[in-house]
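Visitor: Requesting a structural model of the entry that follows:
(one chain, ligands or ions: 2)
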Amino acid sequence: MRAMQNFRPRHFAIVPAAGSGSRMGAAQPKQYLDLLGKPLIRHSLEVLCATPEIDKVFVVLSIGDAEWKRYDWSDLGPKLVPLFCGGATRADSVLGGLRAIVHEAEQSDWVLVHDAARPCLARWHIEKLVRELAHDEVGGLLAVPVADTLKRADAHRHVLETVPRDSLWQAQTPQMFRYVMLRRALEAATNVTDEASAIEAAGLRPRLVEGDATNLKVTYPLDLHLAEWILENRGSC
Ligand SMILES: Nc1ccn([C@@H]2O[C@H](COP(=O)(O)OP(=O)(O)OP(=O)(O)O)[C@@H](O)[C@H]2O)c(=O)n1
Ligand SMILES: C[C@](O)(CO)[C@H](O)COP(=O)(O)O
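Guide: Ligands and ions are numbered 1, 2, ... in the order given. Model prediction:
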């Protein structure tokens, strides 16, 4: 237990990076694809490690990951800790990471889960999330309001309904919750695609913190080109 006099909840980042990138269709997992001369994963790791509010960055890699050790990460400093405990699903990988830090994280510490597949994370995204959720009872996530009209379709792609979009948001990452709350929620959850879903299933209501569209998830080949443009032109957009 840490001394109370210098008590400040710590912020641990967990970066799930154990996916196969099947929708990208590349020869290697998308987190290692070249993006402006460095592996895609490195972009958000650099930002997380350089952000003073973040105390440690745990990267969850697949057990058989043979790419990680091909790179020199030493310039990112001692904050960065690789964990070879990825699972079959993203939620399994995040839970594996949470379990791996059980002796380091305390109940009141915050965990920020960030997709390795979101390389355009900016420091202001992290700082805004940490600032706006600092006193929140539950925690929350970066999100952007839905801008397109949304349709629900049947199996034959015929429209069933237009979904009112005025209260719809697209979830992003980082998603930030207290360590024990998040671990227990994920241990109880089934078939969740983000951390907030597990928290909601526990009967709690995460807060949305507005980010922006530059923090896209690189899922399909086009997204890699969009990420490249964003990283090269972020200052002017
Ligand atoms: N078993 C898994 C699956 C995904 N992820 C990570 O979760 C993030 C978001 O997942 P996604 O974009 O779906 O990545 P992939 O699962 O690799 O992509 P795909 O679904 O196209 O295979 C990625 O950083 C990915 O590496 C993970 O750590 N463990
Ligand atoms: C966590 C997430 O990025 C929020 O939008 C998204 O759910 C990840 O989905 P994926 O299918 O695992 O990429």
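Visitor: per-residue pLDDT, the nearest residue to residue 26 once chain neighbours are set aside?
Guide: Spatial nearest neighbour of residue 26, chain neighbours left out: residue 33 (5.8 Å); criterion: CB to CB, 6 or more residues apart in numbering. Where you see a C-beta, it was placed from the backbone N, CA and C, and this is true even at glycine. Confidence at residue 33, expressed as pLDDT, is 98.
Visitor: Return the distance of residue 33 relative to residue 111.
Guide: For residue 33, the distance to residue 111 equals 27 Å [CB to CB, to the nearest Å].
Visitor: out of the two, which sits in the busier spot?
Guide: More crowded of residue 33 and residue 111, by other CB atoms under 10 Å: residue 111, with 27 against 19.
Visitor: ok, what's across the strand from that one?
Guide: Under DSSP bridges, the beta-bridge partners of residue 111 are residue 12, residue 177.
Visitor: so how far is residue 190 from it?
Guide: Taking CB to CB, one finds residue 111 at 20 Å from residue 190.
Visitor: Neighbours of residue 194, how many?
Guide: Quick note: residue 194 (other CB under 10 Å) scores 19 neighbours.
Visitor: Near the residue in the chain that ligand 1 sits nearest to, how many residues? Count them for me, please.
Guide: Proximity of the chain to ligand 1 (CB to the nearest ligand atom) peaks at residue 19, 2.1 Å away. Residues near residue 19, counting by other CB under 10 Å, number 19.
Visitor: mind listing what the closest residue to it other than its chain neighbours touches?
Guide: Among residues not flanking residue 19 along the chain, residue 29 sits closest, at 6.4 Å (CB to CB, 6+ apart). Contacts for residue 29 (CB atoms under 8 Å, 6 or more residues apart in numbering) come out as 19-21, 62, 67.
Visitor: tell me which of the residues you listed is nearest to residue 84?
Guide: Proximity of these to residue 84, judged by CB to CB, is greatest for residue 62, which lies at 7.3 Å.
Visitor: Tell me how many other residues surround that closest one.
Guide: Around residue 62 there are 19 residues (other CB under 10 Å).
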